[in-house]
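Engineer: Quick one, what's the 3D model for this:
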Amino acid sequence: MKKNKAMEYTIPLRMDFVSRRKRAKKAVAKIREFIWKHFRTKDVKISSGVNEKIWQKGIENPPRRLRVFIEDKEGKVRVRLKDEKEEIKKETKEEKKVKKEKVKEKPEKEKMERVKGKPGKKDRGKKVKGKVKDID
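Structural biologist: Have a look, this model is predicted:
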(Lines give C-alpha, C1' and ligand atoms only; values in the text may rest on other atoms or scores of the structure.)
Protein backbone atom coordinates (compact mmCIF):
# COMPACT_ATOMS: atom_id res chain seq x y z
CA MET A 1 0.00 0.00 0.00
CA LYS A 2 1.27 3.45 -0.88
CA LYS A 3 1.44 6.25 1.61
CA ASN A 4 -0.67 9.35 1.15
CA LYS A 5 1.48 12.10 -0.30
CA ALA A 6 0.68 15.76 -0.99
CA MET A 7 3.15 18.28 -2.36
CA GLU A 8 3.35 21.54 -4.24
CA TYR A 9 5.05 21.42 -7.64
CA THR A 10 5.89 23.79 -10.46
CA ILE A 11 5.23 21.97 -13.74
CA PRO A 12 7.18 23.32 -16.73
CA LEU A 13 4.92 23.43 -19.78
CA ARG A 14 7.38 24.92 -22.27
CA MET A 15 6.44 23.92 -25.81
CA ASP A 16 9.35 23.15 -28.13
CA PHE A 17 8.41 22.73 -31.78
CA VAL A 18 4.69 22.13 -31.23
CA SER A 19 2.24 23.48 -33.75
CA ARG A 20 0.31 26.52 -32.52
CA ARG A 21 -3.11 24.86 -32.71
CA LYS A 22 -2.11 21.96 -30.42
CA ARG A 23 -0.31 23.68 -27.56
CA ALA A 24 -3.03 23.62 -24.88
CA LYS A 25 -3.76 19.95 -25.58
CA LYS A 26 -0.03 19.16 -25.31
CA ALA A 27 0.11 21.08 -22.01
CA VAL A 28 -2.48 18.74 -20.50
CA ALA A 29 -0.48 15.78 -21.84
CA LYS A 30 2.68 17.23 -20.24
CA ILE A 31 0.92 17.43 -16.87
CA ARG A 32 -0.01 13.75 -17.15
CA GLU A 33 3.56 12.90 -18.20
CA PHE A 34 4.95 14.86 -15.22
CA ILE A 35 2.70 12.92 -12.86
CA TRP A 36 3.79 9.63 -14.42
CA LYS A 37 7.45 10.52 -13.81
CA HIS A 38 6.91 11.54 -10.18
CA PHE A 39 4.11 9.24 -8.99
CA ARG A 40 4.14 6.28 -11.45
CA THR A 41 0.41 6.23 -11.97
CA LYS A 42 -1.92 6.95 -14.87
CA ASP A 43 -4.99 7.41 -12.65
CA VAL A 44 -4.97 11.23 -12.71
CA LYS A 45 -7.80 13.69 -12.04
CA ILE A 46 -7.09 17.23 -13.23
CA SER A 47 -9.32 19.83 -11.60
CA SER A 48 -11.42 22.21 -13.63
CA GLY A 49 -9.39 25.14 -12.24
CA VAL A 50 -6.16 23.75 -13.73
CA ASN A 51 -7.92 23.10 -17.02
CA GLU A 52 -9.34 26.64 -17.11
CA LYS A 53 -5.90 28.10 -16.33
CA ILE A 54 -4.35 26.19 -19.26
CA TRP A 55 -7.07 27.25 -21.70
CA GLN A 56 -7.41 30.82 -20.33
CA LYS A 57 -5.51 32.47 -23.21
CA GLY A 58 -6.74 30.02 -25.82
CA ILE A 59 -5.29 26.99 -27.54
CA GLU A 60 -2.20 28.81 -28.82
CA ASN A 61 -0.90 30.38 -25.58
CA PRO A 62 -0.88 28.06 -22.56
CA PRO A 63 1.17 29.20 -19.54
CA ARG A 64 4.91 28.38 -19.58
CA ARG A 65 4.78 26.92 -16.08
CA LEU A 66 2.03 26.01 -13.69
CA ARG A 67 2.14 26.03 -9.89
CA VAL A 68 -0.03 23.14 -8.68
CA PHE A 69 -0.82 21.12 -5.58
CA ILE A 70 -0.62 17.37 -6.24
CA GLU A 71 -2.24 14.92 -3.87
CA ASP A 72 -1.69 11.15 -4.04
CA LYS A 73 -4.12 8.91 -2.18
CA GLU A 74 -3.45 5.21 -2.67
CA GLY A 75 -2.45 5.51 -6.32
CA LYS A 76 -5.14 8.04 -7.28
CA VAL A 77 -3.62 11.42 -8.03
CA ARG A 78 -5.48 14.74 -7.99
CA VAL A 79 -4.04 17.91 -9.47
CA ARG A 80 -5.38 21.32 -8.49
CA LEU A 81 -4.13 24.89 -8.46
CA LYS A 82 -2.16 26.08 -5.46
CA ASP A 83 -4.93 28.48 -4.33
CA GLU A 84 -7.88 26.30 -5.35
CA LYS A 85 -9.90 24.57 -2.65
CA GLU A 86 -10.59 20.87 -2.91
CA GLU A 87 -13.96 20.29 -4.49
CA ILE A 88 -15.45 16.94 -3.62
CA LYS A 89 -19.15 16.67 -4.16
CA LYS A 90 -21.00 13.56 -3.17
CA GLU A 91 -24.43 13.11 -4.65
CA THR A 92 -27.29 12.19 -2.40
CA LYS A 93 -29.69 9.39 -3.29
CA GLU A 94 -32.38 11.94 -4.17
CA GLU A 95 -30.10 13.75 -6.65
CA LYS A 96 -29.23 10.44 -8.34
CA LYS A 97 -32.94 9.61 -8.71
CA VAL A 98 -33.65 13.02 -10.24
CA LYS A 99 -30.81 12.52 -12.75
CA LYS A 100 -32.11 9.08 -13.76
CA GLU A 101 -35.61 10.49 -14.29
CA LYS A 102 -34.26 13.30 -16.49
CA VAL A 103 -32.37 10.79 -18.63
CA LYS A 104 -35.48 8.63 -19.07
CA GLU A 105 -37.71 11.60 -19.97
CA LYS A 106 -35.69 12.85 -22.94
CA PRO A 107 -38.08 13.79 -25.76
CA GLU A 108 -37.57 12.42 -29.28
CA LYS A 109 -35.77 14.76 -31.62
CA GLU A 110 -37.69 16.15 -34.54
CA LYS A 111 -36.64 14.57 -37.81
CA MET A 112 -36.92 15.81 -41.37
CA GLU A 113 -39.25 14.02 -43.77
CA ARG A 114 -37.70 13.15 -47.13
CA VAL A 115 -39.27 14.81 -50.15
CA LYS A 116 -39.03 13.38 -53.65
CA GLY A 117 -37.34 15.57 -56.22
CA LYS A 118 -34.52 18.06 -56.19
CA PRO A 119 -34.00 19.96 -52.96
CA GLY A 120 -34.91 23.59 -53.36
CA LYS A 121 -36.49 26.36 -51.39
CA LYS A 122 -39.98 24.95 -51.68
CA ASP A 123 -39.41 21.25 -51.02
CA ARG A 124 -36.80 21.03 -48.26
CA GLY A 125 -38.92 18.73 -46.13
CA LYS A 126 -41.28 19.11 -43.24
CA LYS A 127 -40.56 18.61 -39.57
CA VAL A 128 -42.40 15.56 -38.32
CA LYS A 129 -42.24 14.06 -34.84
CA GLY A 130 -41.30 10.39 -34.81
CA LYS A 131 -39.62 8.30 -37.45
CA VAL A 132 -38.48 9.44 -40.90
CA LYS A 133 -40.75 8.15 -43.65
CA ASP A 134 -39.49 7.43 -47.16
CA ILE A 135 -41.63 8.75 -49.98
CA ASP A 136 -40.97 6.88 -53.22
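
Engineer: helices and strands around the longest helix anywhere in the chain, which ones?
Structural biologist: When the chain is parsed with DSSP state H, its longest helix is helix 23-39. For helix 23-39, the packing partners by 3 or more Cβ pairs under 8 Å, 6 or more residues apart in numbering; DSSP states H and E come out as strand 5-12, strand 44-46, helix 48-55, strand 65-73, strand 76-81. Any C-beta I mention is one placed from the backbone N, CA and C, and that applies to glycine too.

Engineer: Show me the domain layout of this structure.
Structural biologist: According to automatic domain parsing, the chain comprises the domains 5-81, 108-136.

Engineer: and the shortest one, average pLDDT?
Structural biologist: Looking at domain 108-136 alone, the average pLDDT works out to 56.

Engineer: and if you look at the longest one?
Structural biologist: Along domain 5-81, the predicted local confidence has a mean pLDDT of 92.

Engineer: secondary structure class for residue 62?
Structural biologist: coil (DSSP: H, G, I helix; E, B strand; the rest coil).
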